[in-house]
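J.: Build the 3D model from these lines:
(one chain, ligands or ions: 1)
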Amino acid sequence: MDPVLDVDLPSRSRQLIYFRLAFSVVSLLFGLVVNHYLQLDISPSALVAVCVLVASGNLISLVILRFFSLGNKTLQWLNALLVFLDLCAITEFVHFTRGIESDLFFLYLLPILLASHIHGRMGVFATAIAASIAYPALLIFENWSIFGYLFHNQGEGLTAAYAHRTYLQIASRSAILCSVALVWAAFCDRMSRMVRQSLIKLGEQLQANTRLLEEVKARGQREQLTNSISIALRTTLDVDQILNTACTRLSEAVSQRRCIFVARLDRSEPIKIWDSAVEDANRYSSISPAISEYLFDHDWRREVTATESQFKKFIISDDPFVRSDFDSIRKELLDANVATILIRPIRYGSAVRGVLAIFCYNKPEMWTGSELELVDSVAGQLAVAVEHAQLVEQLSMSNRDLVYKNENLDAKNMELRQIQSQLIHQEKMASLGRMVAGIAHELNNPVNFVHGNLPYLKEYCEQLTGLISIADDEQKRATFEEQKKKINYEFLVTDLDHILADITEGTERVRQIIRNLRSFSRLDEAELKEASLQEGIESTLKILSQYYGRDKIPVQADYCDLPPVLCYPGKLNQVWMNLLSNAAQAVSAVEAPLVTIATQADGDFVMVSIADNGTGIQDADQSKIFEPFFTTKPVGQGTGLGLSICHSIIERHGGTIQFESKIGHGTKFIVRIPLKASIDLAEEARIEQAVAET
Ligand code: ADP
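T.: Next up is the predicted model:
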């Protein structure tokens, strides 16, 4: 039997039953109406009987179909029975509509048509043959009474002629029906075959279309997934985000199976898991470290080549509990209720970067080719993502390294510049000190010489005066008096005293200057020692006599009673010198200049403030004034080293130097140093070594 006939047989059988029911009802009504109006003298009861016969047979079949599920063979037999019933009903109908005279015998074509809807060629032709038999049989049966005349009274009498004509009519009608039925059967069979074939083609087309649709859907899904991962790859360098997105999306695409990725991105870090079920903690327990470590550490290469899968890159274990590979994690898998595992090692080049694993829980599930393709393409992207992440990590590490080295270089550079500036300033101060010491030495000898001779001069003058008074006799008195008047002796003696006093004062002042010069240069005091800050400040003021002194910049000093400070006095004098000369330069253009110096004790510290009412420091420059080589003074006047040297000297004494300044109002520097300077010896040694290296 043609297998296509079996397709949807119950529904087609039902359609035929409905058709017959409708046909019988319509025929009954139509027959009754036509019979009534056209006076066809068809017995209505016969009409009803035929329709009831057909309707009841079909209704019973409908009930059977409704309540019993019949096999195709039984259904075929049921349909054959119904076709037989149709033939019977038509035969009956033809009989009641005057048999041989009825033109309704063409209704025999209807069962043939119906049979072609359900049965194959054999059924159709069997129906045609049955119709071809039923109709002549009916006619013969109806005219059986005149059958004898056909053979015995041939050509004699009216009855014989009638019989002869009847039988000719029977033969011709039967022949017509028979030939029409057979041609109709062939036609219906052909048509139904054609319809069936086009149905088959349509079905095949439909199946192909469905397959195509599924494939397109799967491809769309795949592309969407790979797109979302590539977008994540493009838009973020956060590898966690990329891997989480990949796992979640892949899980959605493979029927919500749990998808994890196990990798170690950095050798120093432990193995990490990215899990699609991370937000679904109620449904899944967390992956045990034993499973993740095993998945990552196990060498899957051997298994991959001997995989059960059509895809050579996968390990799909439909039953992880029989594979020996899973021996070591069998208990964990059993506890977690894992039924199937898909494992896909992720490689970049020849190195394994991680392992992608997808778990089915409770019962094993099949993997489709398109799902495996999807996993494969995601695996490729994951490999790139992990590689990217590792490259970025390496890059940022070397970047950090470079930044660190750069910072070190900057610090070293700064240190070198500081040392250089210190050296320059030290050299400047040392040469100034040497010069001052030289001048002092040169002045000292002659002044000592003058000063040492002064008492003798005085003594000699006194002796001379005595001698002159002894030589004062009566005879020469007039000449002597005359001479005395002439040289203005009284004045001379008084003036000689004045001269001697002036000389004494002058030499005393030269000696004082020399003492100041020596005190400033402190060539004899290069070590840490106790000294008076006030003395240092005052000797500096005297050295800066071109700025400070009578008719010059007035200095308002407010010294408190400070104890001696353990310090490098020479170095501190450099500080006072820089601060006082900056103050003097700042007030140079001020109408009523004033420099105020104050000292103050503050516990274990002493504070010295040097303030001026000069120009003040611009806001933008305030952060830079301690930087070496920063100066606002014209070339030749400022080196920009003074304050940076001051800063380092004070810092090395363990103190601080700060300032307050307001444009147009002046500047105040406040130096705070401990009573006992804690010099950083290690720092000293380091600087000395750096100097030696330079
Ligand atoms: P220099 O005096 O050679 O320029 P310094 O390091 O001593 O170098 O000073 C740096 C800068 O700080 C000066 O050029 C000046 O602009 C500013 N400065 C320092 N002291 C004062 C002050 N008392 N009043 C105004 N500006 C000052």
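
J.: what comes up buried for the helix or strand harbouring F23?
T.: Per DSSP states H and E: F23 is located in helix 9-38. Using 16 or more other Cβ atoms under 10 Å as the burial criterion, the residues of helix 9-38 that qualify are 9, 13, 16-17, 20-21, 23-24, 27-28, 31, 35. All C-beta spots, glycine's among them, are computed from the backbone N, C-alpha and C.

J.: Give me the pLDDT value at M429.
T.: M429 carries a pLDDT score of 67 in this model.

J.: what's the answer for C88, then?
T.: C88 is assigned a pLDDT of 88 by the prediction.

J.: chain center to the helix or strand F187 falls within, what's the gap?
T.: Using DSSP H and E, F187 maps to helix 157-235. Its chain's C-alpha centre lies 59 Å from the corresponding centre of helix 157-235 when counted by Cα atoms, centre = their mean, to the nearest Å.

J.: now swap in stretch 246-263 and tell me
T.: With Cα atoms, centre = their mean as the basis, the distance from the averaged C-alpha position of stretch 246-263 to the chain average is 19 Å.

J.: what's the straight distance from one end of it to the other?
T.: Distance between the boundary residues of stretch 246-263 (Cα to Cα, to the nearest Å) amounts to 14 Å.

J.: Okay, buried residues for it please.
T.: 246-251, 253-254, 257-263.

J.: got a list of contacts for it?
T.: 221-222, 225, 228-229, 232, 243, 271-277, 284, 287, 292, 295-296, 346, 353-361, 365, 371, 374-375, 378, 381-382, 385-386 (Cβ atoms under 8 Å, 6 or more residues apart in numbering).

J.: Just after the helix holding F23, pick out the following helix or strand.
T.: Following helix 9-38 in sequence order, the next helix or strand is helix 44-67 (DSSP H and E).

J.: Give me the buried positions along the next helix or strand after that next one.
T.: Following helix 44-67 in sequence order, the next helix or strand is helix 72-96 (DSSP H and E). Applying a neighbour-count criterion of 16+ other Cβ under 10 Å, one finds 75-76, 78-80, 82-96 buried in helix 72-96.

J.: Skipping its backbone neighbours, what lies nearest T507 in space?
T.: By the measure of Cβ to Cβ, 6 or more residues apart in numbering, the closest residue to T507 outside its immediate chain neighbours is H451, 4.2 Å from it.

J.: so that neighbour makes contact with R511?
T.: Yes. Contact criterion Cβ atoms under 8 Å: H451 and R511 qualify, at 7.0 Å.

J.: ranges for the helices of the stretch 401-550 of the chain?
T.: 477-486, 489-521, 533-543 (DSSP state H, counting those that start in this stretch).

J.: okay, these in CSV with distance to R652, mean neighbour count and mean pLDDT next?
T.: Converted to CSV, these look like this (distance: least, Cβ to Cβ, whole Å; neighbours: other Cβ atoms under 10 Å; pLDDT from 0 to 100):
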stretch, distance to R652, mean neighbour count, mean pLDDT
helix 477-486, 70, 11, 73
helix 489-521, 20, 15, 73
helix 533-543, 16, 21, 88
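
J.: Kindly reformat those helices as JSON lines and extend each row with distance to S324.
T.: JSON lines is the format used below for the helices of the stretch 401-550 of the chain (distance: least, Cβ to Cβ, whole Å):
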{"stretch": "helix 477-486", "distance to S324": "144"}
{"stretch": "helix 489-521", "distance to S324": "93"}
{"stretch": "helix 533-543", "distance to S324": "89"}
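
J.: For the ligand, find the nearest of the ones you listed.
T.: When these are ranked by proximity to the ligand, the top entry is helix 533-543, at 14.6 Å, counting by Cβ to the nearest ligand atom.

J.: Next up, the contacts around S377.
T.: Under the contact definition (Cβ under 8 Å, 6+ apart), the residues listed for S377 are 222, 225-226.

J.: What of S61?
T.: For S61, the contact set (Cβ under 8 Å, 6+ apart) comprises 13, 17, 78, 81-82.

J.: can you do 7 Å?
T.: The neighbourhood of S61, defined by Cβ atoms under 7 Å, 6 or more residues apart in numbering, consists of 17, 78, 82.

J.: Repeat that for N408.
T.: Contacts for N408 (Cβ under 7 Å, 6+ apart) come out as none.

J.: Specify which member of the contacts of S61 is nearest to the ligand.
T.: Minimum distance to the ligand across the contacts of S61 is 114.1 Å, recorded for I17 (Cβ to the nearest ligand atom).

J.: Tell me the spacing between the closest one and R347.
T.: Computed as Cβ to Cβ, to the nearest Å, the I17 to R347 distance reads 65 Å.

J.: so what's V48 closest to, chain neighbours aside?
T.: Using Cβ to Cβ, 6+ apart and skipping the chain neighbours, the partner closest in space to V48 is L28 (6.5 Å).

J.: From the ligand, how far out is that neighbour?
T.: Counting by Cβ to the nearest ligand atom, to the nearest Å, the separation of L28 from the ligand is 125 Å.

J.: ok, now V671?
T.: Using Cβ to the nearest ligand atom, which is the criterion applied here, V671 is 13 Å from the ligand.

J.: what about the stretch 251-400 of the chain, any weak spots by pLDDT?
T.: Across the stretch 251-400 of the chain, the stretches falling below the confidence threshold (pLDDT under 70) are 278-283, 301-314, 318, 320.

J.: Counting neighbours, what do you get for V375?
T.: V375 has 24 neighbours, counted by other Cβ atoms under 10 Å.

J.: Identify the residues contacting W184.
T.: The contact partners of W184, by Cβ under 7 Å, 6+ apart, come to 109, 112, 128.

J.: try it again with 6 Å
T.: W184 makes contact with 109, 112, according to Cβ atoms under 6 Å, 6 or more residues apart in numbering.

J.: how much space is there between it and the ligand?
T.: The spacing between W184 and the ligand, counted by Cβ to the nearest ligand atom, is 123 Å.

J.: now Q622
T.: 9 Å.

J.: same thing with I610?
T.: Separation of I610 from the ligand (Cβ to the nearest ligand atom) stands at 8 Å.

J.: can you count the residues close to the closest residue to that residue other than its chain neighbours?
T.: Nearest residue to I610, sequence neighbours excluded (Cβ to Cβ, 6+ apart): L579, at 4.6 Å. By other Cβ under 10 Å, the residues close to L579 number 27.

J.: Check S648 too.
T.: 20.

J.: Buried residues in the helix or strand that contains it, which are they?
T.: When secondary structure is defined using DSSP H and E, the element that contains S648 is helix 642-652. Counting neighbours by 16+ other Cβ under 10 Å, one finds that the buried residues in helix 642-652 are 642-650, 652.

J.: Quick check: the nearest residue to N613 once chain neighbours are set aside vs the ligand, distance?
T.: Once flanking residues are discounted, N613 sits nearest to G666: 4.2 Å by Cβ to Cβ, 6+ apart. Distance, G666 to the ligand, by Cβ to the nearest ligand atom: 7 Å.

J.: Pretty sure G666 sits against G614.
T.: Yes. Counting by Cβ atoms under 6 Å, a contact exists between G666 and G614, whose distance comes to 5.3 Å.

J.: re earlier: possible to save the buried residues of helix 642-652 as a markdown table with pLDDT?
T.: Below are those laid out as a markdown table (pLDDT from 0 to 100):
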| residue | pLDDT |
| --- | --- |
| G642 | 85 |
| L643 | 90 |
| S644 | 84 |
| I645 | 82 |
| C646 | 89 |
| H647 | 89 |
| S648 | 83 |
| I649 | 86 |
| I650 | 91 |
| R652 | 83 |
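
J.: out of those residues, who's near the ligand?
T.: Restricting these to those within reach of the ligand (Cβ under 6 Å from any ligand atom) leaves 642-644.
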